[in-house]
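**Q** would you be able to build a 3D model of this:
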Amino acid sequence: MSAPDFFVETLRRYWGYSSFRPGQEAIVRCIAAGRDTCVVMPTGGGKSLCYQLPAAMDPRRSAVVISPLIALMQDQVAQLQQIGIAAAFVNSSQPFAEREEIIRRAARVEYRLLYLSPESVAQNATLDWLSKVPVSYFVIDEAHCISEWGHEFRPEYRDLNRLRIRFPNCHLSAFTASATRRVRHDIIQQLWLRDPFRHIASFHRKNLRYTVKQTNSRNQGELLLQALRHAETGSVIVYVPTIARVRETVSFLESNGIPAIGYHGQMESAERKAAQEKWMLDEVRVIVCTIAFGLGINKPSVRCVIHLALPKGLEQYYQEAGRAGRDGLPADCVLLWRKGDAGTQAFFIKQISDEQERERAWRRYYDIRDYAESNECRQVRICKHFGETPKWERCETCDICSGSPGWLGDEAGSSAKEVLPRKSAAVGSAGTAPVGLSSSLGESLRQWRRKVAKEKSTAAFVVMHDTTLDDLCSKMPRNLQELRKVSGFGEKRTQLYGEHILSLIREDAGLGTGAG
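**A** Take a look at the predicted model:
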């Protein structure tokens, strides 16, 4: 079997996809060949597969992934285990005995991927036991955190160049969804990457519709309600600037018949976890949160992200708004800002003691303010900010190009065309166009997925993506062989859930609602 066929066969075997997304195969081949890489790929572009697949192909060594959040590690490991790839994480949330057992198993190369936090890598004890593990390569996820010019700078990331010193024969790969040209240069310099292969994907998210509206204290609440009523399906994230606004907004939504749950940094850890799990399990559609909720949230079926204040900067807005539409289907990114946001921003910026960082914070504020007040295409503006020069001038999907959406109530919006219809085909990971769920089978599959997710204490999308549910309803497979042709059904998922899925389909067809 030729090398390219082997890559595709691995993709089909574990992930159940028949082809790579644009850019993925070149990155996979470089990592598999032992070359340093620096990858900037928008949220939902399939970054994790790029570094997971080469690890799945190497039975003699393990890849080590440096990830900033425990929740993110848990989701990634759960997803890998679901598709039959041995993976584990080591962090402070585990009992000592459990950590020691994983470390022993890692030394025996029982895992294809091992996830660690940047804080743990800074400890000599971690590097000591890691030196006994046959490591193929290291992956630095959310690599923009290493740069002081990044919007989520974390000092512990600066110590990660120790990996180059302690493991000179292992190559490094840096991955991020949002990094300006300056941040990209800083990532390569700080990690001491050696002649890295660079993949900078376009920052144009074609499935996202950006809408910006200046509001005031009298009309912002009503516009929020209109936006939520417009987003009829999928999950919604509402970002607010303060903890007090979280409570106020949740209360406001519930008084208007919209169930919502709050999330902020001052909640008890168990309470925060329960809120996040409730949202991830689709038990509540709307989550209202501060920026404490964000990094590593990778739920694919978010149909709308709404900001009720100006974010700290354009990079942060791109990353937060980009949590919408990770499945490639149409989604809305709505910024409802007020002039008073400047006072809130000024308050937080004045708390920064370091003069240079304070200046950078003001620069980020001016960038997002300019974006909000600009008459230039939103997508063009974003692309230019990240150093990309688009060959087009209009995206034809944002409010600048196509007019404000009708739900805003503007005169311009009343005649504006709906460029992103609620039911729309979009290319999925396997290159297929998902069809909308049939009412009966779709609901049966969702209930089954929710039940399995609860039993496994994991997110619903970890069990199965919405795009896979779409493809099931479209193809209505009758046996395991046909099921393997459904996007997202690799060997392990077919083994785990195949017969039960087929029984649900047969039951639905027997009722006369899904037969075709």
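
**Q** for the residue lying closest to residue 361 once chain neighbours are set aside, give me phi and psi.
**A** Spatially, and ignoring its direct neighbours in sequence, residue 361 is nearest to residue 349 (4.6 Å; Cβ to Cβ, 6 or more residues apart in numbering). In short, each C-beta sits where N, CA and C put it, glycine included. Here is the backbone geometry of residue 349 (degrees, to the nearest 10): phi -70, psi -40.

**Q** quick one: contacts for residue 349?
**A** Residue 349 makes contacts with 358, 361-362, 365, as judged by Cβ atoms under 8 Å, 6 or more residues apart in numbering.

**Q** okay, it: pLDDT?
**A** Looking at residue 349, its pLDDT reads 89.

**Q** cool, residue 423 as well?
**A** Residue 423 is given a pLDDT of 35.

**Q** residue 432 too?
**A** Per the predicted model, pLDDT is 32 at residue 432.

**Q** check residue 302 too.
**A** Reading off the model, residue 302 has pLDDT 93.

**Q** right, and it touches residue 326 too?
**A** Yes: in this structure residue 302 lies within contact range of residue 326 using Cβ atoms under 8 Å: 6.8 Å.

**Q** and the helix or strand where residue 362 lies, C-alpha only, in CSV?
**A** Applying DSSP states H and E as the criterion places residue 362 in helix 355-373. Only the C-alpha atoms of helix 355-373 are listed here, as CSV (Å, rounded to 0.1, in the frame of the first residue of the first chain):
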residue,chain,number,x,y,z
GLU,A,355,2.9,49.5,31.3
GLN,A,356,3.6,47.7,28.1
GLU,A,357,0.8,45.2,28.6
ARG,A,358,-1.5,48.1,29.4
GLU,A,359,-0.6,49.7,26.1
ARG,A,360,-1.2,46.5,24.2
ALA,A,361,-4.6,46.2,25.9
TRP,A,362,-5.6,49.7,24.7
ARG,A,363,-4.4,48.8,21.2
ARG,A,364,-6.6,45.7,21.2
TYR,A,365,-9.5,47.8,22.4
TYR,A,366,-9.0,50.3,19.5
ASP,A,367,-8.9,47.4,17.0
ILE,A,368,-12.2,46.0,18.1
ARG,A,369,-13.8,49.4,18.3
ASP,A,370,-12.6,50.2,14.8
TYR,A,371,-14.1,46.8,13.6
ALA,A,372,-17.5,47.6,15.2
GLU,A,373,-17.7,51.1,13.6
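
**Q** could you identify the helix or strand that succeeds that helix?
**A** Immediately after helix 355-373, counting by DSSP H and E, sits helix 378-385.

**Q** residue boundaries of the strands in the stretch 151-300 of the chain?
**A** Along the stretch 151-300 of the chain, counting by DSSP state E, counting those that start in this stretch, strands occupy 171-176, 197-200, 208-214, 235-239, 260-263, 286-289.

**Q** give me the buried positions along the second one.
**A** Burial within strand 197-200, assessed by neighbour count using 16 or more other Cβ atoms under 10 Å, is assigned to 197, 199-200.

**Q** want to try JSON lines for these, with distance to residue 170 and pLDDT as columns?
**A** Formatted as JSON lines, the buried residues of strand 197-200 follow (distance: Cβ to Cβ, whole Å; pLDDT from 0 to 100):
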{"residue": "197", "distance to residue 170": "16", "pLDDT": "97"}
{"residue": "199", "distance to residue 170": "20", "pLDDT": "96"}
{"residue": "200", "distance to residue 170": "24", "pLDDT": "94"}
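
**Q** low-confidence ranges in the protein?
**A** Low-confidence regions of the chain, defined by pLDDT under 70, span residues 1-4, 292, 294-297, 410-434, 436-439, 511-516.

**Q** for the residue nearest the centre of it, which residues are in contact?
**A** Nearest to the geometric centre of the chain sits residue 298, at 3.3 Å (Cα atoms, centre = their mean). For residue 298, the contact set (Cβ under 8 Å, 6+ apart) comprises 43, 72, 75, 323, 326, 461.

**Q** residue 249 now?
**A** 224, 238, 240, 260, 262, 288, 308.

**Q** repeat that for residue 307.
**A** Going by Cβ under 8 Å, 6+ apart, the list of residues near residue 307 reads 238-239, 317, 320-321, 334-337.

**Q** what angle do helix 378-385 and the helix holding residue 362 make with each other?
**A** 150 degrees (axes from the mean of the first three to the mean of the last three Cα atoms, to 10 degrees).

**Q** could you check the angle strand 208-214 makes with helix 355-373?
**A** Using the same axes, to 10 degrees: helix 355-373 against strand 208-214 is 100 degrees.

**Q** separate out the buried members of the contacts of residue 349.
**A** Applying 16+ other Cβ under 10 Å to these flags 361, 365 as buried.

**Q** would CSV of the contacts of residue 349 with distance to residue 60 be doable?
**A** Shown next, in CSV, are the contacts of residue 349 (distance: Cβ to Cβ, whole Å):
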residue, distance to residue 60
358, 50
361, 47
362, 51
365, 50
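
**Q** nearest to residue 232, of the contacts of residue 349?
**A** residue 365 (33.9 Å; Cβ to Cβ).

**Q** buried ones in stretch 381-393, by neighbour count?
**A** For stretch 381-393, by 16+ other Cβ under 10 Å, it's 381-383, 385-386, 388, 390.

**Q** and stretch 326-334, by the same measure?
**A** For stretch 326-334, by 16+ other Cβ under 10 Å, it's 326-334.

**Q** farthest pair within the contacts of residue 249?
**A** Maximum pairwise distance among those (Cβ to Cβ): 14.6 Å, between 224 and 262.

**Q** tell me how this protein divides into domains.
**A** Here the domain assignment for the chain is 3-200, 208-414, 439-510, based on automatic domain parsing.

**Q** what's the spacing between residue 188 and residue 150?
**A** Separation of residue 188 from residue 150 (Cβ to Cβ, to the nearest Å): 13 Å.

**Q** more neighbours: which of these two?
**A** Using other Cβ atoms under 10 Å, the more surrounded residue of residue 188 and residue 150 is residue 150, with 26 against 20.

**Q** what about the spatially closest residue to the more buried one that is not a sequence neighbour, neighbour count?
**A** Spatial nearest neighbour of residue 150, chain neighbours left out: residue 144 (3.9 Å); criterion: Cβ to Cβ, 6+ apart. As a burial measure, residue 144 scores 27 neighbours (other Cβ under 10 Å).
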